[in-house]
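*Asks:* Below is the sequence, then the predicted model.
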Amino acid sequence: ISEGLFSGSPHSKLVPEWLRRIGYLVLLCLLLANVFWELISVQQTFKPFGVIMGIESKHAYLSRQLPTLYPITHYANKNLPTEAKILYIGETRGYYSDRLFIANTAHDATPIVELTHQANDVNDLLEKLKTLGVTHIIFNKREGTRLDTQYNYLHWETPEDEAKFWEFYRKHLKLLHTMN
């Protein structure tokens with residue numbers, strides 16, 4: 001019925017022109033108020049206007065918004081060889097990486113868990129990673145703990161698998177960069 005009242009249909013004669021204009025004005029005001037409140041909400045949540053206006057750099061903005069992801073990915077982009085392949089553990093977002101990477105969503109099987117379960121020992125796990133072309137690992141312990149708590153992200157098949165992973169961690173991984 002609203003189409004008939006606001007369009008050029010025969011029913012539109014039931015509503016005076018001035019009332020239709022007021023209706024359009026009210027709709028326009030509601031639309032503008034909605035856009036205004038949405039902009040305020042976006043600013044309060046993400047604070048993007050500094051970077052949009054050129055006051056804040058992209059690097060500073062992303063480091064502030066993604067403090068457990070962007071700085072380490074930026075470091076990897078600047079310091080790892082271009083042919084490097086990264087395995088993300090405890091992190092599902094590889095989208096800022098300029099390198100090839102393996103990552104999974106919180107709802108998929110976790111590659112390191114599956115590989116650890118398939119491996120006979122820590123040396124076999126290292127070989128399996130090399131076969132996949134993995135040269136580096138980014139391990140986000142804080143995010144991994146959150147994912148594990150909410151989604152059972154590190155769902156080790158057995159306690160022995162978890163122990164095997166931590167032995168691999170101690171024996172074969174060398175820390176290149178850390179973030180507090």
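*Replies:* Done, it's in. Numbering: from 1, shown residues only.
*Asks:* all strands for the chain, in order.
*Replies:* Listed in chain order, the strands of the chain (DSSP state E) span residues 85-89, 100-102, 136-139.
*Asks:* and those, which is most packed in?
*Replies:* Comparing those by mean neighbour count (mean count of other CB atoms under 10 Å), strand 85-89 comes out on top with a mean of 22. Any C-beta I mention is one placed from the backbone N, CA and C, and that applies to glycine too.
*Asks:* Any stretches of this structure with poor pLDDT?
*Replies:* By pLDDT under 70, the low-scoring segments of the chain are 1-12, 180.
*Asks:* tell me the centre residue of it?
*Replies:* Most central residue of the chain, judged by C-alpha distance to the mean C-alpha position with CA atoms, centre = their mean, is Arg93 at 4.4 Å.
*Asks:* Enumerate every residue touching the residue lying closest to that residue once chain neighbours are set aside.
*Replies:* Closest residue in space to Arg93, ignoring its immediate chain neighbours: Leu69 at 5.6 Å, by CB to CB, 6 or more residues apart in numbering. Residues in contact with Leu69, defined by CB atoms under 8 Å, 6 or more residues apart in numbering, are Glu91, Arg93, Tyr96, Asn140, Glu143.
*Asks:* got it, and Leu154?
*Replies:* Gly90, Thr110, Val113, Gly144, Leu147, Asp148, Glu162.
*Asks:* count of neighbours near the first one?
*Replies:* By other CB atoms under 10 Å, 21 other residues sit near Gly90.
*Asks:* State the distance from Tyr88 to His107.
*Replies:* Spatial separation of Tyr88 from His107 under the definition CB to CB, to the nearest Å is 15 Å.
*Asks:* before we move on, the earlier item: show me the one of the strands of the chain that comes nearest Glu56.
*Replies:* strand 136-139 (24.9 Å; CB to CB).
*Asks:* Please name every helix or strand in contact with the longest helix belonging to the chain.
*Replies:* In the chain, ranked by residue count with DSSP state H as the criterion, the top helix is helix 17-46. Helices and strands in packing contact with helix 17-46 are listed as helix 2-6; criterion 3 or more CB pairs under 8 Å, 6 or more residues apart in numbering; DSSP states H and E.
*Asks:* now with 6 Å?
*Replies:* Helix 17-46 sits against no helix or strand, with contacts defined as 3 or more CB pairs under 6 Å, 6 or more residues apart in numbering; DSSP states H and E.
*Asks:* I'd like the distance from that helix to the chain centre, please.
*Replies:* Computed by CA atoms, centre = their mean, to the nearest Å, the separation of helix 17-46 from the middle of its chain amounts to 31 Å.
*Asks:* Buried by neighbour count: which residues of that helix qualify?
*Replies:* Under the neighbour-count criterion of 16 or more other CB atoms under 10 Å, helix 17-46 has nothing buried.
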